[in-house]
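**Q** quick check, what structure comes out for this input:
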Amino acid sequence: MWNFAGKQNDVQGGGNRRDGNWLSGLSFIDDLRLGEQSKMPDSIKHNKENNKLFLLPFILGIIGCVYQFIKNRQDWIVSFLLFFFTGAAIVVYLNQAGNQPRERDYAFAGSFYAYAIWIGLAVVALVRLARDIQDQLSFKNTVLYSGAITALVMLMSDANAVNGKTVFAALLGGVIASVITAILIYAVRAASNKGSNLRSAAIVSTALCIIVPVIMGVHEWNDHDRSKKTLAPDIAYDYLVGCPKNAILFTFGDNDTYPLWYAQEVEGVRPDVRIVNTSLLGIDWYVNQLRYKVNESPAFDVIWSEDQLRGFTYVINNGDKGGTTQPLYQFLKNTLGGALNNENKSGLRIAIPAHLTVPVDVNYVKQAGIVKPTDSVLNEITLDISPNKTFFSLDQLTMLSVLASSNWKRPVCFTSPYGEVGFGPYLRQVGLVYQVVPVAVNSSSAQSLTMDIDKTKDLLMTQFRSGNADKPGVYFDEENRRHLLSIRATYAQAAMNLATDGRKQEAVALLDRSETLIHPEGLPYAMVSRNNGHNRTTLAYLEAAYRAGHPTLVKKLKDALTKDLNDQLNYYKYLKDKRPEYYNGDLMEDEQFCTRALQQLQAFEKQFNPGAVNITEQPGQRADSSKPNDSNKK
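**A** This next block holds a predicted model:
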């Protein structure tokens, strides 16, 4: 329905009526199904993926499908099987879950092609129905079946929220489909002298139907044009420039890994960094690739042999009842390595020590710049293993192996904070990456410990790229915005740290750099998003602007947040008052956040801009009390 009826916005939907639904653009239908769209917050009401196709591509496809079924059943079976097996059957076969990490309508691309065949056949259907005036049965069946199937599909598309209004909307859609079908047929008949002029019929039918792709182009070009968007390679560049020399960079998914592979293999960015995808690291052949040089990245010592790893995927943790401490290398080499010598590695059970230690060459890490001159470097780090951790997968054990065997000569970095195997207390942010350092960075409340401010500031001021988010007209969908927000959040955190350290002028310069790199047209300051993640980032950005003393940016951020938060609250109030059946779940949580966020804005204003204090007190008395004030008496 997104592709052939229209789309509400680009926010991933979880079943509510606000996010990611299909939308026709016909208000008398959409308002019945989804609630009044005029009440929607402006930030998504005017979203570039608010595509109104008025059901036209959908109805043309239905016409072509119905006419082919009536006139050539064998050909229709072929088209339908293509449509079915590359669409619904794939979901059944793969047992695809309803909620995915992001919108994956591309899984149904084959069925879209099949439906496009029917759209093309609609042109032929209109010509033949105009020409065969005597065939009233085909005419009636095409008109009636088109309306009935349209109503059925519309009803099915709202199966998660069926009520009287959605049923009525589906019936209206069916009536519209039948009326449009009849009008198109009569129009072609009239233009072709009751079908006697085949050429005129073909020209008119084509001219009428070509209006549909024109409408699609007008409404959809601005959110499909990717000619200027370079966010994927740019964010990969941002990750790589933050890595120390010869680092190993662990990634956690496609969105991190594929751009990084491209940046290295095609553009030649930082070939000394070894990119390792943890999604693949649980397979022995992928772990074995660490034994070889790749680009300019030397081989790693994996500790275990290929024979020991063959077929090994995880080890069950029997639990360390005594809370013992053991060197990490010794445990991996001897204890686990000895168990891996057994032929049967399935269901392997080991009591993993509660504390695993890694010695630190203090002089080396200082000379290599792994730590800051002001750091108190530990002689060894201790990885505390949670007693609730019931098993260790091969990818986690390989991470530990790299740390244990590298002796700090090969920096260990992550694209996101990772603390499942005890790394958490030793992660320090440098740009977008998180590096393991032999310093207890989380042992103090000082924010400067969790980020290398100077290195991050240098990267943000001179190195970072933003995928052309500084250029007008470049569209970033929700998934892109999530990555851009991670860049903006890094600027906010770095500016906050600088301001806290008393370096407010540098913090202001950093925020100005952020503003030139990411324009609010490409990434709005405030807008509706899943779990209000967008506005959460902007709140942190606003606090950084307050602390840095940047009143111009403060005003822009505060105004944008205030408007969007109030827009959302007005929308939720409308739902509660007029469409309570659609007010539930995540929308309730979003409303609570919006209320708290507005309160936070007021708290910021009181904290950073208290203004003049008017004191109305009588001599010898407190302003808030009638009791004598000793200090005033004195």
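**Q** quick one: residues in contact with whichever strand or helix holds N363.
**A** If you go by DSSP states H and E, N363 is part of helix 362-367. Defining contact as CB atoms under 8 Å, 6 or more residues apart in numbering, one finds that helix 362-367 is touched by V371, P373, V377, N379, W408, K409, V437, P438. All C-beta spots, glycine's among them, are computed from the backbone N, C-alpha and C.
**Q** can you give me the offset of it from its chain's centre?
**A** 39 Å (CA atoms, centre = their mean, to the nearest Å).
**Q** average model confidence for it?
**A** Averaging pLDDT along helix 362-367 yields 93.
**Q** and stretch 143-159, by the same measure?
**A** For stretch 143-159, the per-residue pLDDT averages 97.
**Q** picking up where we left off before, for the helix holding N363, output the C-alpha coordinates as CSV.
**A** The C-alpha trace of helix 362-367 is given here as CSV (Å, rounded to 0.1, in the frame of the first residue of the first chain):
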residue,chain,number,x,y,z
VAL,A,362,52.3,1.0,31.9
ASN,A,363,55.3,2.5,30.1
TYR,A,364,54.3,1.3,26.7
VAL,A,365,50.6,2.5,26.9
LYS,A,366,51.9,5.9,28.0
GLN,A,367,54.5,6.1,25.2
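**Q** ok, and what's touching the following helix or strand past it?
**A** Once the chain leaves helix 362-367, the next helix or strand it forms, by DSSP H and E, is strand 380-384. Strand 380-384 is contacted from outside by 325, 328, 354-360, 400, 421-423, 425-426, 438, using CB under 8 Å, 6+ apart.
**Q** please name every helix or strand in contact with whichever helix or strand comes after strand 380-384.
**A** Next helix or strand after strand 380-384 toward the C-terminus (DSSP H and E): strand 391-393. Applying 3 or more CB pairs under 8 Å, 6 or more residues apart in numbering; DSSP states H and E, one finds that strand 391-393 makes contact with strand 314-317.
**Q** mind checking how far the strand it packs on is from the chain centre?
**A** Per CA atoms, centre = their mean, the centroid offset for strand 314-317 relative to its chain is 32 Å.
**Q** now Q607, what's its secondary structure?
**A** Secondary structure assignment for Q607 (DSSP: H, G, I helix; E, B strand; the rest coil): helix.
**Q** report how many residues lie close to it.
**A** Neighbour count of Q607, defined by other CB atoms under 10 Å: 11.
**Q** excluding its backbone neighbours, what's nearest it?
**A** Nearest residue to Q607 in three dimensions, chain neighbours excluded: Y546, at 7.6 Å (CB to CB, 6 or more residues apart in numbering).
**Q** that neighbour touches L557, doesn't it?
**A** No - look at Y546 against L557 with CB atoms under 8 Å: they stay out of range, at 9.1 Å.
**Q** more neighbours: which of the two?
**A** Applying other CB under 10 Å to Y546 and L557 shows that L557 carries more neighbours, namely 24 against 21.
**Q** surely the more buried one and T538 touch.
**A** Yes - the criterion here is CB under 8 Å, and L557 meets it with T538 at 6.1 Å.
**Q** shared neighbours, these two?
**A** By CB under 8 Å, 6+ apart, the residues touching both L557 and T538 are Y525, A526.
**Q** where does K228 land in three-state SS?
**A** coil.
**Q** how far away is it from L55?
**A** Note on K228: its distance to L55, by CB to CB, to the nearest Å, is 32 Å.
**Q** look at those two and report which has more neighbours.
**A** L55 (24 against 12).
**Q** contact partners for the more buried one?
**A** Here L55 is in contact with A5, G6, S24, L26, T150, G173, I176, A177 (CB under 8 Å, 6+ apart).
**Q** can you tell me the element the last one falls in?
**A** Spelled out, that is A177. Assigned by DSSP H and E, A177 falls within helix 164-191.
**Q** what mean pLDDT does that helix get?
**A** The average pLDDT within helix 164-191 is 96.
**Q** identify all contacting residues around the following helix or strand past it.
**A** Note on helix 164-191: by DSSP H and E, the next helix or strand toward the C-terminus is helix 198-209. Residues from elsewhere that reach helix 198-209 (CB under 8 Å, 6+ apart): 60, 119, 122-123, 126-127, 130-131, 184, 187-189, 191-193, 195.
**Q** which of those are buried?
**A** Buried subset of the contacts of helix 198-209 (neighbour count, 16 or more other CB atoms under 10 Å): 60, 119, 122-123, 126-127, 130-131, 184, 187-189, 191-192, 195.
**Q** farthest-separated two in the residues you listed?
**A** When CB to CB is used, the two most widely separated members of those are I119 and G195, lying 21.9 Å apart.
**Q** re earlier: which of the contacts of L55 are buried?
**A** Neighbour-count burial within these applies to A5, G6, S24, L26, T150, G173, I176, A177; the criterion is 16+ other CB under 10 Å.
**Q** I figured the fifth one hits G173, correct?
**A** Yes - at 5.3 Å, T150 counts as touching G173 under the criterion of CB under 8 Å.
**Q** returning to that earlier point: the contacts of helix 198-209: which two are farthest apart?
**A** Comparing all pairs in the contacts of helix 198-209 by CB to CB, the longest separation belongs to I119 and N193, at 26.4 Å.
**Q** quick one: the helices in the stretch 451-600 of the chain?
**A** Using DSSP state H, counting those that start in this stretch, the helices of the stretch 451-600 of the chain run over residues 453-462, 478-500, 504-517, 533-548, 551-578, 586-608.
**Q** CSV for these, including mean pLDDT and distance to L34?
**A** CSV is the format used below for the helices of the stretch 451-600 of the chain (pLDDT from 0 to 100; distance: least, CB to CB, whole Å):
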stretch, mean pLDDT, distance to L34
helix 453-462, 97, 41
helix 478-500, 96, 18
helix 504-517, 97, 35
helix 533-548, 97, 21
helix 551-578, 97, 10
helix 586-608, 96, 13
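**Q** how about those helices, which one is nearest N344?
**A** Closest approach to N344 among those is made by helix 478-500 (42.9 Å; CB to CB).
**Q** what residues of the closest one count as buried?
**A** 478, 480-485, 487-500.
**Q** same thing with stretch 69-87?
**A** Neighbour count says stretch 69-87 has F69, I70, K71, W76, S79, F80, L82, F83, T86, G87 buried, by 16+ other CB under 10 Å.
**Q** just want the most central residue of this protein.
**A** Computing the C-alpha centroid of the chain and ranking residues by CA atoms, centre = their mean puts E479 first, at 3.6 Å.
**Q** how about that residue: what's its closest non-neighbour residue?
**A** R102 is the one closest to E479 (CB to CB, 6+ apart), at 5.2 Å.
**Q** how about the one you found, what does it touch?
**A** Contact analysis of R102 by CB under 8 Å, 6+ apart lists Q12, E478, E479.
**Q** want to throw those into a markdown table with distance to E36?
**A** Compiled in a markdown table, those are given as follows (distance: CB to CB, whole Å):
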| residue | distance to E36 |
| --- | --- |
| Q12 | 22 |
| E478 | 23 |
| E479 | 28 |
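**Q** on that earlier part again, so for the residue nearest to E479, what's the pLDDT?
**A** Looking at R102, its pLDDT stands at 78.
**Q** cool, K409 as well?
**A** Looking at K409, its pLDDT reads 93.
**Q** for the helix or strand where R428 lies, the averaged confidence score.
**A** Using DSSP H and E, R428 sits within strand 427-430. For strand 427-430, the mean pLDDT works out to 96.
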